[in-house]
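Q: Take this sequence and fold it.
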Amino acid sequence: MLIGILQTGHAPDALRPSHGDYPDLFQRLLRDRDLDFRTWAVVDGEFPQGPHAAEGWLITGSRHGAYEDHPWIPPLEQLIRDIHAANVPLVGVCFGHQIVAQALGGRVEKFPGGWSVGRTEYDWNGERLALNAWHQDQVTQRPEGATVLASSPFCENAALLYGDRILTVQAHPEFPNGFVAEMIEKRGRGLVPDPLLDAAKASLDAPLDDARLADRIARFFHERTAA
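A: Predicted coordinates for the structure are as follows:
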């Protein structure tokens, strides 16, 4: 199954030599699950021909805000609406989670409660999943028809399901602890309050449920085909 990765940002320059760029992180997360990948760097103006250029779509994270004025955001929102209308499966992560909500009528804002960084536990329909987070923006108003799949005390809309074809997640299952450790020191200092970074650093040895969520994402793709 061909998954089109819609790349909406680049990993920090200091992290790319050791970890690669965002599409590399997702391909490692979802490896050995019968998925093939092609990347379109929409952040650089590279777009697919339409919603059927891939059998499923994945929108990455980004340092940009969904509400910011960038020339690639309006066409990305239109592509999301086209994918939705075409019933092609779509997964969005962090910025991807937010831009899908915005494109379909929701609201994304810089959360007044501040940042969520590092290992975070989410209530996923009664099941606890621990995933790495790195965000200040949140979906503060869900689009009509969006169902909450996961939440935390800090993030009400932590995972959303739109019908049976769109799944979005605020956390970063593609961020292993080693990546977060470097993000803390090479990007976080001076941007995120030190107490949050120190707490995130202290939890780097705790286990994560990335593989469980990766299984769910792969199953979501495989169980849905374009109508």
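Q: which residues does the residue most central in space within the chain bridge with?
A: Closest residue to the average C-alpha location of the chain: V93 at 1.1 Å, with Cα atoms, centre = their mean. V93 has these beta-bridge partners by DSSP bridges: V169.
Q: just A150 next, same as before
A: With DSSP bridges as the rule, A150 is bridged to W124, A159.
Q: Against A158, how distant is it?
A: To A158, A150 is 4 Å away according to Cβ to Cβ, to the nearest Å. Quick note: C-beta positions are derived from backbone N, CA and C, even for glycine.
Q: Compare those two and say which is more crowded by neighbours.
A: A158 (26 against 23; other Cβ atoms under 10 Å).
Q: who's in contact with that one?
A: Contact analysis of A158 by Cβ atoms under 8 Å, 6 or more residues apart in numbering lists Y122, V148, L149, A150, S151, S152, V169, Q170, A171.
Q: wait, which of the residues you listed is closest to L35?
A: The nearest member of those to L35, counting by Cβ to Cβ, is V169 at 16.7 Å.
Q: In contact with that closest one: list those residues for me.
A: V91, G92, V93, C94, H97, L131, A150, A158, A159, L213.
Q: Specify which member of those is nearest to K110.
A: Closest to K110, out of all of the contacts of V169 and judged by Cβ to Cβ, is C94, at 14.0 Å.
Q: What segments of the protein are helices?
A: Using DSSP state H, the helices of the chain run over 16-19, 22-29, 73-86, 95-103, 177-183, 194-202, 210-222.
Q: what angle do the last one and helix 22-29 make?
A: To tie it back to what came earlier, the one meant is helix 210-222. 100 degrees (axes from the mean of the first three to the mean of the last three Cα atoms, to 10 degrees).
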